[in-house]
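Colleague: Take this sequence and fold it.
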Amino acid sequence: MKKALLILSVILLITSCASKRYVKKAVKFEEAGLYEDAAEYYYQAVLKKDSNVDGKLGLRKTGQMTLDRKLADFTQAYKQADYKKAVYNYLEAEKYYNKVTSVRVELDFPEYHKEYYEEAKSDYLNKKYADGVDKLNREDFAEALIVFEEIKKIDAEYKDAKELYVTAKYEPMYRDAAQYLETGLYRTAYYTYQSIIRGAGTYKQSVPLKDEAQEKGTITILVSDLSYSGYKMRETAGSVTSNLKGQLSRLDNPFLKIIDPSSLDVNIYENGQMNMQAANLAGIKAVLTGTVTDVKAINGRLVKSEKRGYLKIVTKSKDKEGKEITHVKYNKTSYLEYKQRNRAELDLNYKLVSTEDNSVMLSDALNLSDSDRIHYATFGGDKKKLIPGYWKYKSKKSSEDVQKDNKSDIRKLQNLLKADKTIESASALLNGLIGKSVKEVTTKIHKYNPEK
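Modeller: Predicted coordinates:
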């Protein structure tokens with residue numbers, strides 16, 4: 001609680017200091033006769049700290065001067081019958097008035113300006129509206145859209161500008177969509193109608209035409225059981241097929257529909273082979289087939305090897321003068337190292353074939369592999385004192401004996417002593433490859449677009 005109060009106090013102090021700085025800057029601008037700049041700094045000061053009295057008084061004075069100038073610009077444009085300029089000058093003045101009053105500083109905005117504005121707006125929008133209607137009649141949709149966008153910004157409820165804006169914006173898209181639908185670009189038509197519906201609701205016949213485009217563009221796919229080149233691959237092929245059907249069925253794709261053979265009322269097989277013509281007549285547009293050509297799942301042997309090293313024993317003593325002496329002794333010892341590598345491989349090919357003309361719509365060959373390995377060490381003694389090295393005889397010295405008492409080699413050995421001793425099985429690796437293969441096939445089919 002105390003910490004929160006402290007943080008709050010710091011924030012308040014910072015904002016208060018910032019508010020005072022803005023007032024100082026505002027005063028300098030005001031003294032220089034730059035009232036609009038001064039008003040902005042006074043506004044920032046009040047925005048930072050609402051209770052800044054100097055800021056509010058300064059904003060009331062310079063803000064009113066700024067607003068008066070903007071209203072003078074409006075009045076001049078109005079008197080000169082420049083109604084476009086008058087409209088935008090008034091809107092700018094109104095925006096500024098609302099900005100200042102939002103920080104609870106009142107300004108004087110004479111009501112009669114509103115009457116002049118309504119007169120100027122009426123004249124200006126009447127002419128713009130007539131121009132927009134003329135452009136629409138000439139089917140100059142792009143220019144008409146610019147006109148009605150402007151009218152909407154000035155007065156969103158002006159006549160039927162909203163409806164005409166919709167026509168100017170979406171009629172070209174509607175015509176394009178109709179052309180796409182007519183020329184067989186069903187997906188393009190679908191997404192165009194979808195954009196129209198999202199922006200304009202039920203514009204003309206967009207909803208039923210979008211449904212028509214979806215129906216005509218949908219590919220109904222029958223997923224055949226994957227074949228296999230060896231009996232040992234049967235289980236893997238079945239797993240790939242099962243997962244593939246599930247993943248494809250869950251795709252959020254408006255143009256894909258997965259057919260289960262059991263749902264068909266007709267027999268599409270002839271002498272064990274699929275009759276593509278019969279499948280096409282049954283409403284199937286494509287058949288996904290494939291073959292698992294190779295499967296390997298090999299658990300490697302855990303290889304154990306004895307390694308020679310030393311226990312580093314450090315002791316301390318004092319000489320006759322009382323100085324500390326460090327003694328290092330290396331005791332020969334041994335530890336064990338273990339290594340193992342498991343691996344898996346999966347090769348398969350697939351293709352998506354049209355039932356209409358037996359053409360290959362999509363095909364690929366996947367060659368996937370993965371492996372996992374472990375390499376660690378064990379030692380029954382004090383691991384912190386163990387260092388790597390080599391010795392020829394345990395009971396006597398040899399010129400071949402070596403102690404690798406350096407940071408790099410010791411760190412490597414310590415890492416082996418701490419290394420993970422678990423390894424992923426070959427069957428788990430294979431399951432991962434099955435999932436990866438299914439994902440790759442599913443992604444390719446999901447992204448397939450016959451219109452590109």
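
Colleague: Domain-wise, how is the chain divided?
Modeller: As assigned by automatic domain parsing, the chain contains the domains 2-109, 127-217.

Colleague: can you put these in TSV and add distance to residue 225 and mean pLDDT?
Modeller: Just so you know, the C-beta spots here come from the backbone N, C-alpha and C atoms, and that holds for glycine as well. Written out in TSV, the entries for the domains of the chain read as follows (distance: least, CB to CB, whole Å; pLDDT from 0 to 100):
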stretch	distance to residue 225	mean pLDDT
domain 2-109	65	85
domain 127-217	27	97
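
Colleague: can you list those in JSON lines and add distance to residue 376 and mean neighbour count?
Modeller: As requested, the domains of the chain are exported to JSON lines (distance: least, CB to CB, whole Å; neighbours: other CB atoms under 10 Å):
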{"stretch": "domain 2-109", "distance to residue 376": "46", "mean neighbour count": "17"}
{"stretch": "domain 127-217", "distance to residue 376": "54", "mean neighbour count": "17"}
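
Colleague: can I get those in CSV with distance to residue 228?
Modeller: Formatted as CSV, the domains of the chain follow (distance: least, CB to CB, whole Å):
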stretch, distance to residue 228
domain 2-109, 67
domain 127-217, 34
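
Colleague: Unless I misread the structure, residue 55 falls within a helix.
Modeller: Yes - if the criterion is DSSP: H, G, I helix; E, B strand; the rest coil, then residue 55 is within a helix.

Colleague: closest to residue 415 out of the domains of the chain?
Modeller: For the domains of the chain, proximity to residue 415 was assessed by CB to CB; domain 2-109 is nearest, at 41.5 Å.

Colleague: still on that earlier bit, out of the domains of the chain, the one nearest residue 413 is which?
Modeller: Ranking those by their distance to residue 413 (criterion: CB to CB) puts domain 2-109 first, at 46.6 Å.

Colleague: which residues in the stretch 101-250 of the chain form helices?
Modeller: Ranges of helices in the stretch 101-250 of the chain, per DSSP state H, counting those that start in this stretch, are 112-137, 141-154, 161-182, 186-200, 206-217, 234-249.

Colleague: cool, and the stretch 351-452 of the chain?
Modeller: Remark: helices of the stretch 351-452 of the chain, listed N- to C-terminal, are 407-418, 426-447; assignment by DSSP H, counting those that start in this stretch.

Colleague: Residue 218 is nearest to which of those?
Modeller: Of those, nearest to residue 218 by CB to CB is helix 426-447, at 13.1 Å.

Colleague: Which strands or helices does the closest one pack on?
Modeller: The criterion is 3 or more CB pairs under 8 Å, 6 or more residues apart in numbering; DSSP states H and E, and the helices and strands that helix 426-447 contacts are helix 234-249, strand 286-299, strand 324-354, strand 360-378.

Colleague: List the buried residues of the helix or strand following the shortest one.
Modeller: Which is strand 286-299. Once strand 286-299 ends, the next helix or strand along the chain (criterion: DSSP states H and E) is strand 303-318. Applying a neighbour-count criterion of 16 or more other CB atoms under 10 Å, one finds 307-312 buried in strand 303-318.

Colleague: what does stretch 387-396 give?
Modeller: Of the residues in stretch 387-396, those with enough neighbours to count as buried (16+ other CB under 10 Å) are 387-389, 391.

Colleague: just stretch 365-373 next, same as before
Modeller: Using 16+ other CB under 10 Å as the test for burial, stretch 365-373 gives 366, 368, 370, 372.

Colleague: Let me have these in TSV, extended by pLDDT and distance to residue 155.
Modeller: Written out in TSV, the entries for the buried residues of stretch 365-373 read as follows (pLDDT from 0 to 100; distance: CB to CB, whole Å):
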residue	pLDDT	distance to residue 155
366	97	61
368	98	63
370	98	65
372	98	69
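
Colleague: any residues touching stretch 390-398, and which ones?
Modeller: 308, 310, 332, 400-402 (CB atoms under 8 Å, 6 or more residues apart in numbering).

Colleague: try 6 Å
Modeller: If you take CB atoms under 6 Å, 6 or more residues apart in numbering as the criterion, stretch 390-398 is touched by 308, 332, 400-402.

Colleague: Also stretch 114-130?
Modeller: Residues from elsewhere that reach stretch 114-130, judged by CB under 6 Å, 6+ apart: 78, 83-84, 86-87, 90, 147, 151, 158.

Colleague: Alpha carbons of that stretch, as CSV, please.
Modeller: In CSV, the C-alpha atoms belonging to stretch 114-130 read as follows (Å, rounded to 0.1, in the frame of the first residue of the first chain):
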residue,chain,number,x,y,z
LYS,A,114,-24.6,28.5,-36.5
GLU,A,115,-27.3,30.1,-38.6
TYR,A,116,-24.8,31.4,-41.2
TYR,A,117,-23.1,28.0,-41.2
GLU,A,118,-26.4,26.2,-41.9
GLU,A,119,-27.1,28.5,-44.8
ALA,A,120,-23.5,28.0,-46.3
LYS,A,121,-23.7,24.3,-45.7
SER,A,122,-27.1,24.0,-47.5
ASP,A,123,-25.8,25.9,-50.5
TYR,A,124,-22.5,23.9,-50.7
LEU,A,125,-24.0,20.5,-50.1
ASN,A,126,-26.8,21.0,-52.6
LYS,A,127,-24.3,21.7,-55.3
LYS,A,128,-22.1,18.8,-54.2
TYR,A,129,-25.1,16.4,-54.1
ALA,A,130,-26.1,17.4,-57.6
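
Colleague: what sits against the residue of the chain most remote from its centre?
Modeller: Relative to the mean C-alpha coordinate of the chain, counting by CA atoms, centre = their mean, the farthest residue is residue 320 (73.9 Å). Residue 320 sits next to no residue when contact means CB under 6 Å, 6+ apart.

Colleague: Can you classify residue 277 as helix, strand or coil?
Modeller: Of the three states, residue 277 takes helix under three-state DSSP.
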